[in-house]
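After the sequence you'll find the predicted model.
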Amino acid sequence: MSSTSGCVLIVDDDADMREALRDTLEQERYAVAEARDGGDALRWLSANPAPAIILLDWNMAPMNGAGFLRERALQPALAGIPVVLLTADARVLGERVDGVIAALKKPIDLEGLLSLLSQHGVETSR
């Protein structure tokens, strides 16, 4: 698979989760950006270069993962950005969600996440 430059955008309303993911990814030399919910992510995406991948929490407020994916689908420029769903909701993990390349169960298996980033060609910032 080809390499994809750009940051990893973490979208999660839990500040501790964002911080833990950011710290881990930065230790692995990935560039990271953060958003507090789906609306915040859409604003970030409109003001910045496209990230290499989006790590999207499902259960957030005020705009959850489903709302973000609906809004993203209306913006063709965002369609090519891969999205990985992060959730503790077993019902969602068992479903196919349009616009999502993978789903990871919370708490996140960090080795699995790093493997997924590598599989999708997300580059570290050397």
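Cool, the structure landed.

any idea which residue sits dead centre in the chain?
Leu55 (1.3 Å; Cα atoms, centre = their mean).

how near is that one to Ala41?
10 Å (Cβ to Cβ, to the nearest Å). For the C-beta atoms, the positions are set from N, CA and C on the backbone; glycine is no exception.

again, but for Ser115
24 Å.

Show me which of those two is the more surrounded one.
Taking other Cβ atoms under 10 Å, Ser115 and Ala41 do not tie; Ala41 has more neighbours (28 against 11).

A helix includes that one, no?
Yes - under DSSP: H, G, I helix; E, B strand; the rest coil, Ala41 sits within a helix.

That one contacts Pro51, doesn't it?
No - between Ala41 and Pro51 there is no contact under Cβ atoms under 8 Å: 9.5 Å.

about what we covered before: so the residue nearest to the centre of the chain sits in a strand?
Yes - assessed by three-state DSSP, Leu55 belongs to a strand.

Please name the bridge partners of it.
Per DSSP bridges, residues listed as beta-bridge partners of Leu55: Ile10, Val84.

re earlier: overlap in contacts of Ala41 and Pro51?
Taking Cβ atoms under 8 Å, 6 or more residues apart in numbering as the contact rule, Ala41 and Pro51 both touch Leu9.

residue ranges for the helices of this protein, please.
For the chain, helices defined by DSSP state H occupy the ranges 15-27, 38-47, 65-73, 90-93, 110-119.

And these: which comes nearest Ala79?
helix 65-73 (7.3 Å; Cβ to Cβ).
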